[in-house]
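Student: 3D model of this:
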Amino acid sequence: MNSIENDNTIFFYFISVLNRTMRLPLTTLEIFNAIADEGSLRAAANRLGLQPSTVSHQLKTLEKQLGISLFSRTTRSIKLTEAGLALFRGANPAFDQIKAALQSARDTGRSQRGELRITMPGFSFDMTIREKLASFRQLYPDIELEISIDETFVDLFDGRFHAGIRLGDRVDPDMIAIRISPPHRLAVLGSQEYIEKHGQPAHPSQLLNHQCIRYRFGRSGQLAPWEFINEEGKYSVGVSGNLVVNTLPSLYTSVADGLGLGFSFAEYRPNGESNVVPLLTEFIEPIPGTFLYYPREYKSVELLRLFIEHVRY
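Tutor: Model (predicted):
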């Protein structure tokens with residue numbers, strides 16, 4: 001067995017001993033590593049910002065746990081024993097890897113290059129993000145932007161997303177939220193052909209006489225309410241119809257095809273439906289705009305900061 005193999009064997013033996021007696025003491029090993037690097041307890045203490053007595057105590061603790069001396073000490077010098085040299089040769093590359101990993105983590109937070117993953121519903125992409133996407137890509141070509149379209153709420157950590165985009169009243173209060181759009185106007189929607197054939201409702205109560213296309217939320221399974229406002233406050237109209245959908249594009253397409261009236265964003269036209277008319281807007285209160293939200297842990301991620309500055313309202 002050569003000296004390197006022997007050193008590795010001794011090193012892993014030390015680690016197994018430490019694991020049996022206590023959790024792996026990275027702080028103590030760091031102190032040992034500094035003493036071996038600097039050649040003295042005082043120099044190691046200065047490097048680590050510790051008192052020499054603390055360094056001496058930690059070294060004695062480590063030697064006691066291992067049951068072996070790591071340094072030979074005289075009044076003029078401190079030198080590694082054979083066992084200490086084996087531990088140093090094994091531990092030093094590990095600390096280099098830890099330093100490299102820490103630097104990589106810092107670079108990831110500060111770099112303008114890398115991956116940025118954001119989840120959002122389709123209407124947020126079409127209404128808020130799409131028009132700003134080309135200019136963002138031109139400004140930051142080294143950012144790999146991944147957009148995941150999902151109408152349901154997604155756990156950002158589980159999905160490995162840096163941020164999400166949702167309506168303001170649907171953002172978790174524990175998240176940091178940034179407005180990226182003005183409030184949205186809602187309307188009852190109908191095609192010109194439907195209105196010519198069935199008439200135009202002049203009041204929300206008249207919707208009870210119409211075929212209404214309802215929207216079912218994907219996550220809760222609830223039907224979206226048709227909410228209006230008068231001098232007494234908000235109220236809902238229990239509309240009915242023989243068609244229920246669970247995506248906004250299918251809602252708008254069905255309205256454009258004259259299958260009934262719908263309730264959604266006043267100006268949103270996901271499929272370019274030019275014959276759709278907004279109705280009863282004077283009876284409907286605007287809703288909070290679109291917000292980008294993210295965990296506080298990601299507030300220093302440079303890629304996310306650049307995206308927010310580009311799309312914020």
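Student: separation between the residue sitting nearest the centre point of the chain and Y313?
Tutor: By C-alpha atoms, centre = their mean, the chain has its centre lying nearest to H162, at 2.5 Å. Distance, H162 to Y313, by C-beta to C-beta, to the nearest Å: 19 Å. C-beta coordinates here come from the backbone N, C-alpha and C atoms, glycine included.
Student: now L280
Tutor: L280 is 26 Å from Y313, by C-beta to C-beta.
Student: again, but for W226
Tutor: 27 Å.
Student: Look at these two and report which has more neighbours.
Tutor: W226 (22 against 12; other C-beta atoms under 10 Å).
Student: What pLDDT does the model give G221?
Tutor: Confidence at G221, expressed as pLDDT, is 87.
Student: Which element, helix or strand, includes it?
Tutor: Assigned by DSSP states H and E, G221 belongs to no helix or strand.
Student: chain center to stretch 56-66: distance?
Tutor: 42 Å (C-alpha atoms, centre = their mean, to the nearest Å).
Student: Dump that stretch to PDB, restricted to CA.
Tutor: The C-alpha trace of stretch 56-66 is given here as PDB (Å, rounded to 0.1, in the frame of the first residue of the first chain):
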ATOM      1  CA  SER A  56      -6.100  25.000  21.900                       C
ATOM      2  CA  HIS A  57      -9.200  23.700  23.600                       C
ATOM      3  CA  GLN A  58     -10.800  22.500  20.400                       C
ATOM      4  CA  LEU A  59      -7.600  20.800  19.300                       C
ATOM      5  CA  LYS A  60      -7.400  18.900  22.600                       C
ATOM      6  CA  THR A  61     -11.100  17.900  22.300                       C
ATOM      7  CA  LEU A  62     -10.500  16.500  18.800                       C
ATOM      8  CA  GLU A  63      -7.400  14.500  19.900                       C
ATOM      9  CA  LYS A  64      -9.300  13.200  22.900                       C
ATOM     10  CA  GLN A  65     -12.200  12.000  20.700                       C
ATOM     11  CA  LEU A  66      -9.800  10.300  18.200                       C
END
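Student: what about it, average pLDDT?
Tutor: 86.
Student: Then stretch 279-298?
Tutor: On average, stretch 279-298 scores 94.
Student: in that stretch, what counts as buried?
Tutor: By 16 or more other C-beta atoms under 10 Å, the buried positions in stretch 279-298 come out as 279-280, 283-284, 287-295, 298.
Student: Sort out which of those residues are in helices and list them.
Tutor: With DSSP state H as the criterion, helices contain none of those.
Student: For K99, state which of the residues you listed is nearest.
Tutor: Y298 (23.3 Å; C-beta to C-beta).
Student: any idea how far A187 is from that closest one?
Tutor: Counting by C-beta to C-beta - Y298 and A187 are separated by 36 Å.
Student: Then S72?
Tutor: S72 is 85 Å from A187, by C-beta to C-beta.
Student: Compare the two (neighbour count), which wins?
Tutor: Just comparing S72 and A187: by other C-beta under 10 Å the higher neighbour count belongs to A187, 21 against 12.
Student: Pull up the pairing partners for the helix or strand harbouring that one, direction included.
Tutor: If you go by DSSP H and E, A187 is part of strand 186-191. Using DSSP bridges, strand 186-191 pairs in its sheet with strand 262-265 (antiparallel), strand 276-279 (antiparallel).
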